[in-house]
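>>> attaching a predicted model along with its sequence, questions to come.
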Amino acid sequence: MEIKKKEPLKAEQMAQDLATFAFDRTDTKELLTSIPENSNLNLTTIEYELQILKILSAGWGISFFIPETDKNKEKLTNVFWEHIREMSNSISNLTQTTTGQSIDYFDILKKRLNTYLVNMQENVEGTQNPASIIGPAFADACITNSENNAIAILIGTKMFTLTLAAVKEYLNSGND
């Protein structure tokens, strides 16, 4: 049997795949099932914030795991965020149509990204592991007075690390 050399994926296809992954809700639903029933957490808020964190984490994964010297990094990043913007516009339009409320989901993503970035910048000296910053920041986004809510912190940390690991694996498999 002849072994064919695997062709590397193009930046456009990788960006589309990563954007599709970012909006996929499978792992969000799985993480929600791990929350104990007596946790007193608002599961709707947790689900909403988990999905936002997953989208942002997928974008961060591109930045973290593709070297600056890679000529496709800028294109992959730009096309990824273009897909995220398109999907966000669809969500905004659907929300407007079904509820009558006007939202800008992409703007929500940008604001949440800024919140996470501020948390990271404020804790630059405290830790080398961004997941230890993201977990508590996620809990803050979900709950007032969240500093002691280990469940929310753990769920956010888990989404962040699982998403980064999946993006890294995908990028490594596409660049063989």
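It's in.

>>> packing partners of the helix-or-strand element of the chain with minimal mean pLDDT?
When the helices and strands of the chain are scored by mean pLDDT, DSSP states H and E, helix 131-142 comes last with a mean of 91. Contacts defined by 3 or more CB pairs under 8 Å, 6 or more residues apart in numbering; DSSP states H and E place helix 131-142 against helix 43-65, helix 105-122, helix 150-174. In this view, the C-beta of every residue, glycine as well, is placed from N, C-alpha and C.

>>> and the longest helix along the chain, what does it pack onto?
Secondary structure assigned by DSSP state H gives helix 73-99 as the longest helix of the chain. When contacts are defined as 3+ CB pairs under 8 Å, 6+ apart, helix 73-99 sits against helix 11-23, helix 43-65, helix 105-122.

>>> need the phi and psi values for Asn42.
Note on Asn42: its backbone torsions stand at phi -80, psi 100 [degrees, to the nearest 10].

>>> how about it: what's its closest non-neighbour residue?
Closest residue to Asn42 apart from its sequence neighbours, by CB to CB, 6 or more residues apart in numbering: Cys142 at 7.2 Å.

>>> swap in Asp104?
Nearest non-adjacent residue to Asp104 (CB to CB, 6+ apart): Ser92, at 5.7 Å.

>>> pLDDT at the one you found, what is it?
Ser92 is assigned a predicted lDDT (pLDDT) of 94.

>>> where does the chain have low pLDDT?
Within the chain, the stretches with pLDDT under 70 are 1-9, 125-127, 145-147, 174-176.
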